[in-house]
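1. Attaching a predicted model along with its sequence, questions to come.
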Amino acid sequence: KAGVTQTPRYLIKTRGQQVTLSCSPISGHRSVSWYQQTPGQGLQFLFEYFSETQRNKGNFPGRFSGRQFSNSRSEMNVSTLELGDSALYLCASSAGDSIWEKLFFGSGTQLSVL
Amino acid sequence: KNEVEQSPQNLTAQEGEFITINCSYSVGISALHWLQQHPGGGIVSLFMLSSGKKKHGRLIATINIQEKHSSLHITASHPRDSAVYICAPIHLGGGGSQGNLIFGKGTKLSVKP
């Protein structure tokens, strides 16, 4: 069974641009959650989607948004990029209906904002 | 003060030693994850537990929800256990219908041969 796939692996953008990251969960998993990891703040939860609905959201500004498609693939969008958005963005999928079953993480997208 | 505190921040051990990593939290939680992150970024979920103890191979995790404390133990440590271990409680009332995941800063473990 294929694992969680995130694309692209690396991305370089400039301030003010927008970016879209993609996450394909393990087949059959309906929950996809997103995380930001920086050296200063560590890991932080962004949001979680289940069956195309956002169920939970962390404490991030509205510039960070996401969506989930009917095949459970998810995208995350960051608009008006700031230097502080440079981070490793991780997604994870889980099989159960409960949001916090065992999580399977992708390898992440390393975003650099110049 | 951080909602999740891990100790120690850094840990160096000799191969074969018994290792304990501690996690304390100040908010109400429903359960807690222990995660392992290797150099290069990949994260593996080791345990999710809401009470008592769980064991998987040489890894043991315990939690006392009332005392707001969890521990991760590694028996007979090996150099391949070298990684960052992250405690991640599920914070009730954290903004979502089922709680949000919050994270400790991690414990960097290095096991020398």
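-> Sure thing, it's come through. Residues are numbered from 1 along each chain as shown, chains lettered A, B, ... in the order given.
2. drop to CA atoms for contacts and neighbour counts, all remaining ones
-> Noted.
3. low pLDDT regions in chain B?
-> B:1, B:93-98 (pLDDT under 70).
4. and what of chain A?
-> Scanning chain A for pLDDT under 70 picks out the ranges A:98-99.
5. List the beta-bridge partners for the residue in it that chain B sits nearest to.
-> Chain B sits closest to A:Asn56 of chain A, with a gap of 4.2 Å, by CA to the nearest CA. Judged by DSSP bridges, the bridge partners of A:Asn56 are A:Glu48.
6. residues touching the nearest residue to B:His78 once chain neighbours are set aside, list them.
-> Distances taken as CA to CA, 6 or more residues apart in numbering or on different chains place B:Glu15 nearest to B:His78, at 5.1 Å, with adjacent residues excluded. Contacts for B:Glu15 (CA atoms under 8 Å, 6 or more residues apart in numbering or on different chains) come out as B:76-79, B:111-113.
7. which stretches of the chain form strands?
-> Defaulting to chain A. Secondary structure of chain A (DSSP state E): strands at A:5-7, A:10-13, A:19-24, A:31-38, A:42-50, A:53-57, A:64-68, A:74-78, A:87-94, A:104-105, A:109-113.
8. You answered for a different chain; I wanted chain B.
-> Secondary structure of chain B (DSSP E): strands at B:4-7, B:10-14, B:19-25, B:29-37, B:43-49, B:52-56, B:59-64, B:69-74, B:83-91, B:100-101, B:107-112.
9. Spatially central residue in chain A, please.
-> Nearest residue to the geometric centre of chain A (CA atoms, centre = their mean): A:Trp34, 3.2 Å.
10. I figured it was touching A:Gln54, is that so?
-> No. Using CA atoms under 8 Å, A:Trp34 is not in contact with A:Gln54, being 11.2 Å away.
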